[in-house]
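>>> Any chance you could fold what I've pasted below:
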Amino acid sequence: TRAALMTGRYPMRHGLQVGVVRPWAQYGLPLDEQTLAQGLKSAGYATAIVGKWHLGHYQPEYLPTRRGFDHQYGHYNGAIDYFDHTRDGGFDWHRDDMVCRDQGYSTHLIADESVKIVQQYAGKKPFFLYVPFNAVHSPHQVPKEYLQPFDHLQGDRRIYAGMLWAMDEAVGRIVKAIDEANVRSNTLFFFSSDNGGPAPGKVTDNGPLRAGKGTVYEGGVRVPAFMTWEGKIPAGSIVKTPMHMVDLYPTLLGVANAKVEQRLPIDGIDIREAIFQGKPMVDRDILLNAAPNWGAMRSGDWKIVVNGSKSLLNVDGQEEIAKDDRSPANLELFDLSVDPNEKTNLAKEQPTRAKELLDRWKKYQAQALPP
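Numbering: from 1, shown residues only. Just a heads-up that it's a prediction; the model follows:
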């Protein structure tokens, strides 16, 4: 998801279609990719990342300050310890890509630094602040005071709720800093999860949606998101047409009026008219994944899933992925307009449509870099 946001290109174009960058991995987001931060920097924006990078760090060229960010604060890997900032025996907390020994709960530290960035630039220079929280990822850790309101919950679910509260509080602090600088009317907020909840029914709750994190079923890929821009986006408006994270790249560059010479073709589309004016979005295919043996694609309300069981992976070595209780066929076809919970496989009833979508999906698969 981070690669998609930073480049406007599907993760399979980076070789990141089967998992995240591991702590000691000898690869990262390819250096020929042009990041969102680089594009906004070219338009005169100060740029900062506060939180999780997770796009490679094995050579200096892959670090955030070499990829368009003026400021970096936080960690390079996922699943770090929230208190001692380690993962697999390595210390992972950095400021401007140098080791930083700040002590504290990572969600609080991320909020502290984000507020400082706002105070540094708000009202003085256009700025792009990217805040990929470590929360609410495992390991499930939170200061004890955040557990008290959730005594009615048990185990990891209780801790998870406390982690979410701490993150929500941190977001509130950032918004307050924006308001104190009196730049609310000139600030676009975007908030999104990067995947559906892991271990649904045990740690998280994806409602009636099928499966969860690590899968290409709706419980793994359909997440809520919102944009807020006072005076520009009608309050309470809803866009039901799905967007993909790759759409943020051209959309935010468009908002900033950044004239970026694209080195590589992007997959995302500018969704400003849908968000700002409620206009219908163009019909298109949305690739959910194209791994060597599994994946999925959506076209309008139709969705195909290829070898869905293959995607039920322990995607980060940390979280249990709840197994789906339906044994999927090799190819599944769903009409999400009437079956958003993916209960009825229509592949045998509509073989022509299934084959047409599968052929289009295979074209994406053929373009993918090796994982």
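
>>> which residues does L287 bridge with?
M297 (DSSP bridges).

>>> wait, it sits on Q365?
No - taking contacts as C-beta atoms under 8 Å, L287 lies outside contact range of Q365: 9.2 Å. Bear in mind the C-beta positions are built from the backbone N, C-alpha and C, glycine included.

>>> So for the two, which sits in the more crowded spot?
L287 (25 against 21; other C-beta atoms under 10 Å).

>>> Contacts only, for the more buried one.
Y10, M12, H244, D267, G295, M297, W361, Y364 (C-beta atoms under 8 Å, 6 or more residues apart in numbering).

>>> Tell me the one among those nearest to P200.
G295 (20.8 Å; C-beta to C-beta).

>>> Need the residues touching each of L287 and Q365.
With C-beta under 8 Å, 6+ apart, L287 and Q365 have common neighbours M12, G295.

>>> Next one: G308, what pLDDT does it get?
With respect to pLDDT, G308 has a value of 85.

>>> which stretches of the stretch 201-350 of the chain aren't confidently modelled?
Residue ranges of the stretch 201-350 of the chain with pLDDT under 70: 312-329.

>>> ok, now with 90
224, 259, 282-283, 308-329 (pLDDT under 90).

>>> in it, which spans are strands?
225-228, 285-290, 295-299, 302-306, 331-335 (DSSP state E, counting those that start in this stretch).

>>> on contacts alone, who are the packing partners of the last one?
The one in question is strand 331-335. strand 302-306, helix 351-367 (3 or more C-beta pairs under 8 Å, 6 or more residues apart in numbering; DSSP states H and E).

>>> Could you rerun that using 6 Å?
The elements that strand 331-335 packs onto, with contact taken as 3 or more C-beta pairs under 6 Å, 6 or more residues apart in numbering; DSSP states H and E, are strand 302-306.

>>> Could you do the fourth one as well?
Of the remaining helices and strands, those touching strand 302-306 by 3+ C-beta pairs under 6 Å, 6+ apart are strand 295-299, strand 331-335.

>>> Deepest-packed of those strands, please.
strand 295-299 (a mean of 23; mean count of other C-beta atoms under 10 Å).

>>> could you give the angle of that one to helix 351-367?
120 degrees (axes from the mean of the first three to the mean of the last three C-alpha atoms, to 10 degrees).

>>> now strand 295-299, how far from the chain's geometric center?
Centroid separation between strand 295-299 and its chain, computed with C-alpha atoms, centre = their mean, to the nearest Å, is 18 Å.

>>> Same check on stretch 67-75?
17 Å.

>>> If you average the pLDDT over that stretch, what comes out?
Rounded mean pLDDT across stretch 67-75 is 98.

>>> Convert the C-alpha atoms of that stretch to PDB, please.
Provided in PDB are the C-alpha atoms of stretch 67-75 (Å, rounded to 0.1, in the frame of the first residue of the first chain):
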ATOM      1  CA  ARG A  67      13.500   9.700  -2.000                       C
ATOM      2  CA  GLY A  68      12.100  13.200  -1.700                       C
ATOM      3  CA  PHE A  69      11.600  13.800   2.000                       C
ATOM      4  CA  ASP A  70      13.200  16.900   3.600                       C
ATOM      5  CA  HIS A  71      12.500  15.400   7.100                       C
ATOM      6  CA  GLN A  72      12.300  11.800   8.300                       C
ATOM      7  CA  TYR A  73      11.300  10.600  11.800                       C
ATOM      8  CA  GLY A  74      10.400   7.100  12.900                       C
ATOM      9  CA  HIS A  75      11.100   3.600  11.800                       C
END
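
>>> and I304, bridged to which residues?
M297, L333.

>>> Return the residues in contact with it.
The contact partners of I304, by C-beta atoms under 6 Å, 6 or more residues apart in numbering, come to M297, L333, L357, L358.

>>> Then K41?
Counted by C-beta under 6 Å, 6+ apart, K41 has contacts T47, G68.

>>> Contacts only, for H75.
K52, D92, W93 are the contacts of H75 under C-beta under 6 Å, 6+ apart.

>>> What sits closest to it if chain neighbours are left out?
With C-beta to C-beta, 6 or more residues apart in numbering as the criterion, H75 has its nearest non-adjacent residue at 4.5 Å, and that residue is D92.

>>> what's the distance between that neighbour and L248?
26 Å (C-beta to C-beta, to the nearest Å).

>>> Longest helix of this structure, counting residues only.
helix 155-180 (DSSP state H).

>>> could you say what helices and strands that one packs with?
Helix 155-180 packs on helix 106-121, going by 3+ C-beta pairs under 6 Å, 6+ apart.
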